[in-house]
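A.B. asks: Next come a sequence and a model predicted from it.
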Amino acid sequence: MTPNAREMSESRHEQMPRLLTALAAVVGTTNVLTKPSQQQSYVQGAIEAITDATVAVVIPHSLVALWRVINICADFDVIIIAQAANTGLTGGSTPNGGYDRPLVVISMQLLGGVHLLNDAAELVALPAATLQQLESTLAPLGREPHSVLGSSCVGASVIGGICNSSGGMLVQRGPSYTEMALFARRNDSGQFELINHLGVDLGTLPEEMLENIQLGRFERDPDSLSNKKACTNHQYQHKVRDCDADTPARFNNDPNGLYEASGSAGKVIVFAVRVATFTKPKREQTFYISTNDADTLTTLRKQWLQSELNLPVLAEYMHKDYNDITMHYGRDTCLSMRKLPASKIGSLYRLQAKIGYYLDKWHLPKTLPDWILQLTSKFMPPSLPAILTTQACSYKYHLIIKVADGFDNGINKNSDKNDGNNIAAAQNFLQNHLQQYQGALHICTELESQSLLVFRSAATAAMFRYHNLNQDKFGELLSTDIALPRNAVDWDETLPGHLQEQVRKTFYLGHFFCHVMHQDYLLKPKTNAKQFKDELLAFYDKRHIEYPAEHNVGHAYPAKTELHYFYKKLDPTNSLNPGIGQTEKWKNWQSSPIKEKLNVELYG
């Protein structure tokens, strides 16, 4: 370490007690977490985190407190990682190490709240508002949010979905998107500026504006609300129907989905977003289609999308291998999702993370909770009703299709119309299709429909447990989130020989009509996971596949040129979530201080 670097490090070390004191003065000492055991559930996500630079986890109790906290962090020149629910799968809201400055994680968990606008046709969501909370709030009003249970992570936040361009299962609505947000941007001089693009008058001073939005003190008369910008994706229905196009319907690097808060991935601090709501269907029907012939599903998708049929609510694909492990390793997850509210499940995840910390500290197996839950799950109800279990185990490929009558999807006047005959038309189409092609069609009861969607949502957790409890058979687990071209017919992936020989087992599921697939590879024990991933992504590139599709680049995928530029424009000092998308982690987007120093010495 050079003398200047050593002096800078010592200076920062001396500043840390003053930083912690200043933060505690705003949020209270109990909401400044400095012990590793306290920080565990905030700094550890779905992938392994490197947390050596983390000074504190701060939990503000109000939007004004959040504003003061980020300005303190700017004054001390520390990195900020803003975190909503920490349900991401690519590490996009947790530390990843290798930073040139100390780091503070800001958890938004106390900043809940929703304000309805325009007779609940729109709403303003605060940082901790979850999709499930919105669903509960809107249900009595006959409306629902962009995503609903079964199409999103349990406990996932609205703002997290917007910032990560999340997609979900719902075919008609596309990725989460809005051009109307209240956010703070750190400018070139290192200061935060508050930008109000919500379309409502909140005042002029930052703290006044933030207090007004949190308390709902603004005019909600439709005549006074400026709504010139989009608060949902208007183009997706037409885009997803174009199944002859050689590009994907949606993917995270798509520059058309990047606008201020939308796709920002923590590069700005988002205080509120304005989003559309949707009329809740009066009647829904779920169909379960199973076959051993991939072409049955290929032709079903293309014929449906090119027909006069309205788009289904969802069309979810699962391979038999995923069915099998969810039957055996997902019983407790299915039961908890059917019986517990989302808030309780979120608390269980945090408890699990804390238990994991102590297991590691006491040198006990990290898989101990999985073993205990798996043992107790044997006494729980089956994951699916008997008739669905039989069908799920009897065929190779499975499609869950839900269709609705009696709703207006609220996207635009040229989108699908719902005249009350969608269910009958869809049932007639499916019955005719399966008379021509081989397969089985089951028309679900309401209880069976709920069970199927919970089963689909529990699948990934079941696969993780399967891997954890069978580590003697496998090497590393590699999960990918990919967007196939809309005209692709090779969705039932066949790996090249040099890749297949490195894999012990594969698990595939996805949002079939959108051609977004989630593919998990359990590698053989001696497989080099990094080399395999590089070769796999090269294979995806040859197939013109975009990745990731909907889980954000996080620290698992590289940000492409347009996304990289978008991040730099939002955060010119690179102080918020640096390194996202495998970009530079150093201040002012330097690749490294050493490299910059060499450039100065060599080139002046």
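C.D. replies: Yep, that arrived.
A.B. asks: what about the protein, any weak spots by pLDDT?
C.D. replies: For the chain, applying pLDDT under 70 flags the ranges 1-13, 45-52, 85, 87-89, 148-155, 221-227, 340-363, 406-420, 592-604.
A.B. asks: So the residue lying closest to Q15 once chain neighbours are set aside versus K302, what's the distance?
C.D. replies: Nearest residue to Q15, sequence neighbours excluded (Cβ to Cβ, 6 or more residues apart in numbering): F76, at 5.9 Å. Yep, even glycine has a C-beta here, placed from its N, CA and C like the rest. According to Cβ to Cβ, to the nearest Å, F76 stands 57 Å off from K302.
A.B. asks: With L388 instead?
C.D. replies: Distance of L388 to K302, computed by Cβ to Cβ: 26 Å.
A.B. asks: neighbour count winner among the two?
C.D. replies: Neighbour count, other Cβ atoms under 10 Å: between L388 and K302, L388 has more, with 22 against 16.
A.B. asks: Now do the contacts for that one.
C.D. replies: Y288, H442, C444, E448, S451, L452 (Cβ atoms under 8 Å, 6 or more residues apart in numbering).
A.B. asks: can you list the residues you listed in a markdown table and add distance to G579?
C.D. replies: As requested, the contacts of L388 are exported to a markdown table (distance: Cβ to Cβ, whole Å):
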| residue | distance to G579 |
| --- | --- |
| Y288 | 43 |
| H442 | 47 |
| C444 | 45 |
| E448 | 45 |
| S451 | 41 |
| L452 | 39 |
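A.B. asks: Which of these fall in helices?
C.D. replies: E448, S451, L452 (DSSP state H).
A.B. asks: Now flag whichever of those is closest to V171.
C.D. replies: When the ones in helices among the contacts of L388 are ranked by distance to V171 (Cβ to Cβ), L452 comes first, at 16.1 Å.
A.B. asks: What sits closest to that closest one if chain neighbours are left out?
C.D. replies: Using Cβ to Cβ, 6+ apart, the nearest residue to L452 is I400, at 5.3 Å.
A.B. asks: now do H544
C.D. replies: Of all residues not flanking H544 in the chain, P485 sits nearest, at 5.2 Å (Cβ to Cβ, 6+ apart).
A.B. asks: if we can go back for a sec, pull the most distant pair out of the contacts of L388.
C.D. replies: Checking the contacts of L388 with Cβ to Cβ, the most distant pair is H442 and S451, at 11.9 Å.
A.B. asks: So which of these two has more stuff around it?
C.D. replies: S451 (22 against 16).
A.B. asks: what's the spacing between that one and L434?
C.D. replies: According to Cβ to Cβ, S451 and L434 sit 22 Å apart.
A.B. asks: Then R465?
C.D. replies: Counting by Cβ to Cβ, the gap from R465 to L434 is 34 Å.
A.B. asks: Show me which of these two is the more surrounded one.
C.D. replies: The neighbour comparison of R465 against L434 (other Cβ under 10 Å) goes to R465, with 24 against 17.
A.B. asks: hang on, the more buried one packs against S377?
C.D. replies: No: at 9.4 Å, R465 does not count as touching S377 under the criterion of Cβ atoms under 8 Å.
A.B. asks: Pull up the overlap in contacts between the two.
C.D. replies: Counting by Cβ under 8 Å, 6+ apart, the residues touching both R465 and S377 are Y329.
A.B. asks: Quick one: residues contacting T204.
C.D. replies: T204 touches nothing, counting by Cβ under 8 Å, 6+ apart.
A.B. asks: where's the nearest residue to P281 once chain neighbours are set aside, which helix or strand?
C.D. replies: Spatial nearest neighbour of P281, excluding adjacent residues (Cβ to Cβ, 6+ apart): A404 at 3.4 Å. Assigned by DSSP states H and E, A404 belongs to strand 397-405.
A.B. asks: From the contact counts, what lies against that strand?
C.D. replies: Here strand 397-405 touches strand 283-291, helix 294-305, strand 314-319, helix 320-329, helix 422-436, helix 446-469, going by 3 or more Cβ pairs under 8 Å, 6 or more residues apart in numbering; DSSP states H and E.
A.B. asks: go again using 7 Å as the cut-off
C.D. replies: Here strand 397-405 touches strand 283-291, helix 294-305, strand 314-319, helix 422-436, going by 3 or more Cβ pairs under 7 Å, 6 or more residues apart in numbering; DSSP states H and E.
A.B. asks: Check the ones you listed for me and report the most buried one.
C.D. replies: Stretch with highest mean neighbour count among the helices and strands packed on strand 397-405: strand 314-319 (a mean of 24; mean count of other Cβ atoms under 10 Å).
A.B. asks: I'd like to know which elements that one is packed against.
C.D. replies: strand 397-405, helix 446-469, strand 503-511.
A.B. asks: which residues sit against the second one?
C.D. replies: When you say that, I think you mean helix 446-469. 150, 286, 288, 316, 318, 322, 325-326, 329-330, 333-334, 337-338, 367, 370-371, 374, 383-385, 388, 400, 444, 474, 477, 507, 509, 520, 522 (Cβ atoms under 7 Å, 6 or more residues apart in numbering).
A.B. asks: do the same with the first one
C.D. replies: Contact with strand 397-405 is made by 281-291, 294, 297, 312-319, 323, 392, 418, 420, 422-423, 426, 452, 456, 512, as judged by Cβ under 7 Å, 6+ apart.
A.B. asks: rewinding a little: does the residue nearest to H544 fall in a helix, a strand, or a coil region?
C.D. replies: In the three-state summary, P485 is assigned as coil, counting by DSSP: H, G, I helix; E, B strand; the rest coil.
A.B. asks: Now the phi/psi pair for it, please.
C.D. replies: phi -60, psi 150 (degrees, to the nearest 10).
A.B. asks: Now do the contacts for it.
C.D. replies: D246, T247, P248, H544.
A.B. asks: V200: which of those residues is nearest?
C.D. replies: The closest of these to V200 turns out to be P248 (Cβ to Cβ; 34.8 Å).
A.B. asks: Surely that closest one and C514 touch.
C.D. replies: No: counting by Cβ atoms under 7 Å, C514 is not a contact partner of P248; they are 8.4 Å apart.
A.B. asks: Which stretches in the stretch 201-350 of the chain count as strands?
C.D. replies: Along the stretch 201-350 of the chain, the segments classed as strands by DSSP state E, counting those that start in this stretch run 269-276, 278-279, 283-291, 314-319.
A.B. asks: Distance to T137 added to those, as a markdown table?
C.D. replies: Shown next, in a markdown table, are the strands of the stretch 201-350 of the chain (distance: least, Cβ to Cβ, whole Å):
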| stretch | distance to T137 |
| --- | --- |
| strand 269-276 | 13 |
| strand 278-279 | 14 |
| strand 283-291 | 20 |
| strand 314-319 | 22 |
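A.B. asks: show me what contacts F183?
C.D. replies: Shown in contact with F183 (Cβ under 7 Å, 6+ apart): I195, E260, A261, V268, I269, V270, F271.
A.B. asks: Look up phi and psi at the residue nearest to the last one when sequence neighbours are not counted.
C.D. replies: Residue nearest to F271 in three dimensions, not counting chain neighbours: L182, with 4.6 Å by Cβ to Cβ, 6+ apart. As for L182, its main-chain torsions (degrees, to the nearest 10) stand at phi -110, psi 120.
A.B. asks: Roughly how far does L182 sit from N552?
C.D. replies: Distance from L182 to N552, counting by Cβ to Cβ: 21 Å.
A.B. asks: Which one of those two is surrounded by more residues?
C.D. replies: Using other Cβ under 10 Å, the more surrounded residue of L182 and N552 is N552, with 29 against 24.
A.B. asks: Quick check: that one touching G92?
C.D. replies: Yes: N552 is in contact with G92 according to Cβ under 7 Å; the separation is 4.6 Å.
A.B. asks: Between the two, which contacts overlap?
C.D. replies: N164, A265.
A.B. asks: how deep is the residue nearest to S62 when sequence neighbours are not counted tucked in, by neighbour count?
C.D. replies: Among residues not flanking S62 along the chain, Q214 sits closest, at 6.2 Å (Cβ to Cβ, 6+ apart). For Q214, the neighbour count with other Cβ under 10 Å is 19.
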